[in-house]
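Undergrad: Build the 3D model from these lines:
(one chain, ligands or ions: 1)
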Amino acid sequence: MTPGARVAAAIEVLDRVIAGAPAEQALIQWARASRFAGSGDRTAVRDLVFDSLRRLHSRAALGGGLTGRGVMIGRCREEGIDPDTVFTGLGHAPPPLDDAERAAPPPGDAAGDAVEDAAGLDVPGWLVPALQSALGDDYTPVMAAMRERAPVWLRINPKRAAPDLTDALADAGIQTRPVSGLPQALQVVQGERGIARSTPFLSGQVELQDLSSQIAAAALPVQAGDRVLDYCAGGGGKTLAMAAVTDAHFDAHDVTPSRMADLPARAARAGARVRILQPGKAEGPYDLVVVDAPCSGSGTWRRTPDAKWRLTPDRLAGITALQAEILDRAQALVRPGGHLAYLTCSLLGAENDAQIDAFLKRFPGFTVEHRQLLTPLDASDGFFYAVMRKNG
Ligand SMILES: C[S@@+](CC[C@H](N)C(=O)[O-])C[C@H]1O[C@@H](n2cnc3c(N)ncnc32)[C@H](O)[C@@H]1O
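TA: Numbers count the residues shown, from 1 in each chain. Reported below is the predicted structural model:
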């Protein structure tokens, strides 16, 4: 595909996302209908779409409208590319600009968030006050960081890792650097697309895991022999991180068991033993119950930027109600003197501090031992965790 044809494809995908489709789904739909597109084309189109979703409103403003075409015209202007060199109508490139499009972009934000988004931080207007209150002075740098791509992180599995692990990664074209203070973590500086095919990954020596999840998992109070329940296990990232360093008894539970479908294979690859439970079948008492709660994902907007634009006040209210319900169920499974850990990949106070404060009012028999908000200023995704002890 020519560069212009890739832009035309990105316009098509962005139009679907703007109409409400999840970005991954819209990309798959485009790829299925575009058999001529090679893997390099698919990667390029994906990058154009994701980069633009991170900056949707500012690019729409620069391009004159919240449409795929407006956003891609805005991308040209933002990157100092003359749109007339891309929008040529030749070789499947999008049609040339009309007079209105060629005129200077209108002032303000074409997406209608003129006041709140005036700083060009690409934050949905209704979320600005909540994020300002959660982040304080960090609001502007954190939201600016959310407009950039996220770094990729690996977690070393000490049960499997060979001494020459970083050399083996380098042989596979994956350059990494260590992370100070977290010996299991590696930042990928080059070759991220080859990780899933590389021998160190396939042999369970490393896992893909964001730094925030690694920091939180390392902070969980788990000791050899403990009974541990991962109540919202999903793919089991937190359990696998704990199992890599501690020989405890791990139970994985999720209301949607299909989300745990890959967990047995991942555990086998990592040399970890994890028991999969059916929904509602967890039986306490546990020494540690981990609630890695369903959340808005506002901390992961760099990786899933369409989620930023799809969140609504109603959805957020539904999520916070579900989090409270899950906490109430999970606390009953903790033994006296044991721990309940609550984790979200959100930056919003309603899902984090306020959720914990409300829980402590409902269950005064718990005491917070530690709570922490991580942000991209810590290099990781936005993430919150609280560790609470059940008085016994
Ligand atoms: C943030 S994800 C978990 C990610 C996972 N722990 C990991 O590290 O890969 C949240 C999970 O909570 C599950 N979930 C949602 N509602 C639930 C409920 N009422 N009880 C248990 N799990 C629930 C979802 O199916 C989803 O897999």
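
Undergrad: from here on, contacts and neighbour counts on C-alpha atoms
TA: OK.

Undergrad: Near residue 97, how many residues? Count them for me, please.
TA: 17 (other CA atoms under 10 Å).

Undergrad: these two touch, right, it and residue 89?
TA: No - with contact taken as CA atoms under 8 Å, residue 97 and residue 89 are classed as non-touching, separated by 9.5 Å.

Undergrad: Phi and psi next, for residue 221.
TA: For residue 221, the backbone dihedrals are phi -80, psi 90 (criterion: degrees, to the nearest 10).

Undergrad: Can you give me the domain assignment for this protein?
TA: 3-104, 152-209, 219-390 (automatic domain parsing).

Undergrad: now those as a markdown table including distance to residue 122 and mean pLDDT?
TA: As requested, the domains of the chain are arranged in a markdown table below (distance: least, CA to CA, whole Å; pLDDT from 0 to 100):
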| stretch | distance to residue 122 | mean pLDDT |
| --- | --- | --- |
| domain 3-104 | 6 | 95 |
| domain 152-209 | 22 | 94 |
| domain 219-390 | 9 | 97 |
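
Undergrad: any chance of those domains in a markdown table, with distance to the ligand too?
TA: Rendered in a markdown table, the data for the domains of the chain read as follows (distance: least, CA to the nearest ligand atom, whole Å):
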| stretch | distance to the ligand |
| --- | --- |
| domain 3-104 | 17 |
| domain 152-209 | 9 |
| domain 219-390 | 3 |
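
Undergrad: Identify whichever of those lies nearest to residue 140.
TA: domain 219-390 (10.9 Å; CA to CA).

Undergrad: how long is that closest one end to end?
TA: Using CA to CA, to the nearest Å, one end of domain 219-390 lies 17 Å from the other.

Undergrad: Surely residue 335 is in a helix?
TA: No - membership of residue 335 in a helix is not supported by DSSP: H, G, I helix; E, B strand; the rest coil, which gives strand.

Undergrad: residues touching residue 328, list them.
TA: Remark: with contacts taken as CA atoms under 8 Å, 6 or more residues apart in numbering, residue 328 is in contact with residue 359.

Undergrad: give me the element it is part of.
TA: helix 313-331 (DSSP states H and E).

Undergrad: ok now that helix, how far from the chain's centre?
TA: Its chain's average C-alpha position is 19 Å from that of helix 313-331, according to CA atoms, centre = their mean, to the nearest Å.

Undergrad: and if you look at stretch 150-168?
TA: Here stretch 150-168 shows a centroid-to-chain-centroid distance of 21 Å under the convention CA atoms, centre = their mean.

Undergrad: buried sites along it?
TA: For stretch 150-168, burial by neighbour count (16 or more other CA atoms under 10 Å) applies to 150-157, 160-161, 165-166, 168.

Undergrad: Could you do stretch 198-206 as well?
TA: So for stretch 198-206, counting by 16+ other CA under 10 Å, buried means 198-201, 204-206.

Undergrad: In strands, which of these fall?
TA: residue 206 (DSSP state E).

Undergrad: What is the nearest of the buried residues of stretch 198-206 to residue 181?
TA: Proximity of the buried residues of stretch 198-206 to residue 181 was ranked by CA to CA; the top entry is residue 206 with 18.0 Å.

Undergrad: Just give the nearest non-adjacent residue to the spatially most central residue of the chain, would you?
TA: For the chain, the residue nearest the mean C-alpha position is residue 300 (3.3 Å; CA atoms, centre = their mean). Sequence neighbours aside, residue 381 is the residue nearest to residue 300 in space, at 5.6 Å (criterion: CA to CA, 6 or more residues apart in numbering).

Undergrad: Report the contact partners of that neighbour.
TA: Under the criterion of CA under 8 Å, 6+ apart, the neighbours of residue 381 are 150, 210-212, 299-300, 302, 345, 374-375.

Undergrad: now with 6 Å?
TA: Applying CA atoms under 6 Å, 6 or more residues apart in numbering, we find residue 381 in contact with 212, 299-300, 375.

Undergrad: which phi and psi does it have?
TA: With angles defined as degrees, to the nearest 10, residue 381 shows backbone torsions of phi -70, psi 170.

Undergrad: if we can go back for a sec, so the residue nearest to the centre of the chain versus residue 344, what's the distance?
TA: Noted for residue 300: a distance of 10 Å to residue 344, by CA to CA.

Undergrad: Adding distance to residue 137, write the domains of the chain out as TSV.
TA: TSV is the format used below for the domains of the chain (distance: least, CA to CA, whole Å):
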stretch	distance to residue 137
domain 3-104	21
domain 152-209	25
domain 219-390	12
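
Undergrad: on that earlier part again, in the buried residues of stretch 150-168, find the pair that's most separated.
TA: Across the buried residues of stretch 150-168, the two lying at the largest distance from each other (CA to CA) are 150 and 160, at 26.7 Å.

Undergrad: For the helix holding residue 328, output the C-alpha coordinates as CSV.
TA: Written as CSV, here are the backbone C-alpha positions of helix 313-331 (Å, rounded to 0.1, in the frame of the first residue of the first chain):
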residue,chain,number,x,y,z
PRO,A,313,-20.8,9.2,33.4
ASP,A,314,-23.4,6.3,33.4
ARG,A,315,-20.7,3.7,32.6
LEU,A,316,-18.4,5.0,35.3
ALA,A,317,-21.3,4.9,37.8
GLY,A,318,-22.0,1.3,36.8
ILE,A,319,-18.3,0.4,37.2
THR,A,320,-17.9,2.0,40.7
ALA,A,321,-21.1,0.2,41.9
LEU,A,322,-19.7,-3.1,40.6
GLN,A,323,-16.3,-2.5,42.3
ALA,A,324,-18.1,-2.0,45.6
GLU,A,325,-20.1,-5.1,45.2
ILE,A,326,-17.0,-7.2,44.4
LEU,A,327,-15.1,-5.8,47.4
ASP,A,328,-18.1,-6.7,49.6
ARG,A,329,-18.1,-10.3,48.4
ALA,A,330,-14.3,-10.7,48.4
GLN,A,331,-13.8,-9.4,52.0
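
Undergrad: Name the residues of it that come out as buried.
TA: Neighbour count says helix 313-331 has 316, 319-320, 323-324, 326-327, 330-331 buried, by 16+ other CA under 10 Å.
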